[in-house]
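Peer 1: Okay, structure incoming, though there's no sequence with it:
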Ligand code: ATR
């Protein structure tokens with residue numbers, strides 16, 4: 001992957017990814033490959049920062065004139081919301097920021113692109129969710145981002161099913177407040193009533209995880225998407241494919257998000 005790194009000169013624009021821990025992040029390889037392939041004179045590097053150092057680092061980056069912006073990931077997404085000077089509507093709704101552009105005057109503009117990348121990947125695959133009814137397993141950070149992006153994309157109904165029912169109710173209430181025309185419920189059993197079934201939980205990452213939803217209720221004409229990146233084929237996607245469903249693994253969804261992040265940071269037009 002080091003072969004993708006462009007030559008760094010005095011004119012190269014610097015971008016970052018902020019995380020703790022940092023060693024596992026794949027974004028530098030993916031983003032630098034993208035920037036190189038588009039002929040951009042920019043480089044994204046890992047910044048290992050702990051939560052109690054985040055504000056000091058961000059304030060310092062405001063004064064770094066050749067700095068274009070950064071991606072924020074675990075555990076910084078929620079804390080970044082209050083550290084930005086301006087945030088998008090989606091970031092405010094979700095309560096988290098995962099990508100920040102540094103303006104020429106040092107102002108930090110935050111966006112939340114997690115769910116938007118997910119929706120963009122569906123659109124690119126000719127599965128525009130506008131008008132669809134959606135079953136979403138999960139009500140955590142990833143699920144919230146996906147739910148708000150789907151609402152913004154014009155889905156008509158979202159069922160949020162979650163182990164902790166209060167969390168599902170909280171997410172549906174926030175969705176209803178932001179999108180009055182959207183109908184919502186938390187009925188975990190009505191899987192077959194939906195056009196699109198999404199796993200936003202972490203179930204499926206580990207070998208012995210139980211499935212995130214009752215696989216026997218899937219219908220062969222449903223679209224089934226999984227936000228899990230690794231493994232690419234989760235037990236949910238395998239079961240859905242065996243039933244004849246059209247499936248959407250998480251990894252290509254991340255790739256479409258990388259482009260949106262580069263655009264938000266101003267690295268790509
Ligand atoms: P992320 O940012 O990845 O969404 P998160 O906010 O911790 O992480 O959310 C994890 C999601 O996976 C939640 O919906 C969680 O359910 P709870 O809200 O009940 O915790 C779900 N999840 C994780 N482990 C689970 C398990 N063993 N069984 C059922 N749901 C699980």
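Peer 2: Received the coordinates, thanks. Every value quoted in this text rests on a predicted model; they were computed, and no experiment measured them. Residues are numbered from 1 along each chain as shown.

Peer 1: Run through the strands of the protein in chain order.
Peer 2: For the chain, the strands defined by DSSP state E occupy 13-19, 42-48, 67-72, 86-87, 99-102, 108-111, 133-137, 157-161, 183-185, 196-199, 223-226, 246-248.

Peer 1: Please identify which of these is closest to the ligand.
Peer 2: strand 133-137 (7.6 Å; CB to the nearest ligand atom). For the C-beta atoms, the positions are set from N, CA and C on the backbone; glycine is no exception.

Peer 1: what comes into contact with the closest one?
Peer 2: The contact list for strand 133-137 (CB atoms under 8 Å, 6 or more residues apart in numbering) reads 143, 146-147, 150, 155-162, 190-191, 193-201, 203, 212-213.

Peer 1: Residue 243: how many residues sit nearby?
Peer 2: 16 (other CB atoms under 10 Å).

Peer 1: near the ligand, from the contacts of strand 133-137?
Peer 2: Restricting these to those touching the ligand (CB under 6 Å from any ligand atom) yields 143, 162, 201, 203.

Peer 1: I'd say residue 9 and residue 66 touch.
Peer 2: No. At 10.8 Å, residue 9 and residue 66 do not qualify as touching, with contact defined as CB atoms under 8 Å.

Peer 1: These two - which one has more neighbours?
Peer 2: The residue with more neighbours, out of residue 9 and residue 66, is residue 66; 11 against 7, by other CB under 10 Å.

Peer 1: pretty sure the more buried one is touching residue 13, no?
Peer 2: Yes. Assessed by CB under 8 Å, residue 66 is found in contact with residue 13 at 5.9 Å.

Peer 1: Which single one of the ones next to the ligand among the contacts of strand 133-137 is nearest to the ligand?
Peer 2: residue 201 (3.4 Å).

Peer 1: Now that closest one: closest residue in space, sequence neighbours ignored.
Peer 2: residue 138 (3.8 Å; CB to CB, 6 or more residues apart in numbering).

Peer 1: Around that neighbour, count how many other residues there are.
Peer 2: Around residue 138 there are 26 residues (other CB under 10 Å).

Peer 1: Could you do residue 56 as well?
Peer 2: Residue 56 is flanked by 10 other residues according to other CB under 10 Å.

Peer 1: got the residues of the stretch 1-150 of the chain near the ligand?
Peer 2: 138-143.

Peer 1: Recalculate using a threshold of 8 Å.
Peer 2: Taking CB under 8 Å from any ligand atom as the contact definition, the stretch 1-150 of the chain meets the ligand at 74, 77, 137-144.

Peer 1: coming back round to it: CSV please, covering the strands of the chain and showing mean neighbour count.
Peer 2: Compiled in CSV, the strands of the chain are given as follows (neighbours: other CB atoms under 10 Å):
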stretch, mean neighbour count
strand 13-19, 22
strand 42-48, 19
strand 67-72, 24
strand 86-87, 18
strand 99-102, 26
strand 108-111, 22
strand 133-137, 25
strand 157-161, 24
strand 183-185, 17
strand 196-199, 26
strand 223-226, 25
strand 246-248, 19
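
Peer 1: In a markdown table: these, plus mean pLDDT and distance to residue 32.
Peer 2: Listed next are the strands of the chain as a markdown table, based on pLDDT from 0 to 100; distance: least, CB to CB, whole Å:
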| stretch | mean pLDDT | distance to residue 32 |
| --- | --- | --- |
| strand 13-19 | 98 | 9 |
| strand 42-48 | 97 | 6 |
| strand 67-72 | 98 | 12 |
| strand 86-87 | 98 | 26 |
| strand 99-102 | 98 | 16 |
| strand 108-111 | 98 | 21 |
| strand 133-137 | 98 | 33 |
| strand 157-161 | 98 | 36 |
| strand 183-185 | 98 | 40 |
| strand 196-199 | 98 | 30 |
| strand 223-226 | 97 | 27 |
| strand 246-248 | 97 | 26 |
